[in-house]
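S.K.: coordinates for the following, if possible.
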Amino acid sequence: MAATSPGSAENHGTEDGLGRCDRDRANEYFRYRLEIGGVGVGQVPAFLDPAQRQSLRAAFSQLELPDDRTTFVVAHDPSLDFYTGSCGALPCTMEEVAEPEQACLREHWDNCYYVATRHAGETFCLLNETE
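M.R.: Got it, this is the predicted structure:
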C-alpha cells in the first residue's frame, strides 16, 4: 500500500476532519474497539509540536475517507505521509488493522503513528494533543 495522497476532502463534522484530539475523544473510540477489532490501537502520546499538529491537521483535511467502511489512518512524522487501510467486514482482522502501519514502516522504518480511525461515519482522533 502506498501513501495516501490528499484529494478533495468531504467535511467529517469538523473544519479539519480530525476533530478533537484528547483523552475523552479517544475513550469514545475505545467503546467501539472490540466491535471494530482494533484492539491493539490506542491513543498516541503527544509527539508533535503545535506547528507540526497544524500541518498534520491541514494534510488530514485533504484525505477522502469512506463513510461506509471502518478505516485506520497512520501518519509518518516528519513527512506527514498518510497510510490508510479499511476492513472488509467487522470485526476487522489483525492484518487489516496492521496494514497501514506496516506499509508506513516498510517505507520509512520508524515514526509511524495511528492518528485516527473512521467508523460508522465518525472520525475518532487518536492523537493526544493535551499532554
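
S.K.: pLDDT at the residue nearest the centre of the chain, what is it?
M.R.: For the chain, residue 116 is the residue whose C-alpha lies nearest the centre (C-alpha atoms, centre = their mean; 2.3 Å). pLDDT, residue 116: 93.

S.K.: distance check, it against residue 43.
M.R.: According to C-beta to C-beta, to the nearest Å, residue 116 stands 11 Å off from residue 43. For the C-beta atoms, the positions are set from N, CA and C on the backbone; glycine is no exception.

S.K.: where along the chain do the helices fall?
M.R.: 23-36, 50-60, 94-108 (DSSP state H).

S.K.: other SSEs contacting the shortest one?
M.R.: So the one you mean is helix 50-60. With contacts taken as 3 or more C-beta pairs under 8 Å, 6 or more residues apart in numbering; DSSP states H and E, helix 50-60 sits against strand 71-76, strand 112-119.

S.K.: what's next to it, contact-wise?
M.R.: Residues from elsewhere that reach helix 50-60, judged by C-beta atoms under 8 Å, 6 or more residues apart in numbering: 6, 16-18, 48, 73, 75, 77-78, 80, 82, 115-116, 127, 129.

S.K.: from the chain's centroid, how far away is that helix?
M.R.: 13 Å (C-alpha atoms, centre = their mean, to the nearest Å).

S.K.: go on, the longest one?
M.R.: Between the mean C-alpha point of helix 94-108 and the mean C-alpha point of its chain there is a distance of 12 Å (C-alpha atoms, centre = their mean).
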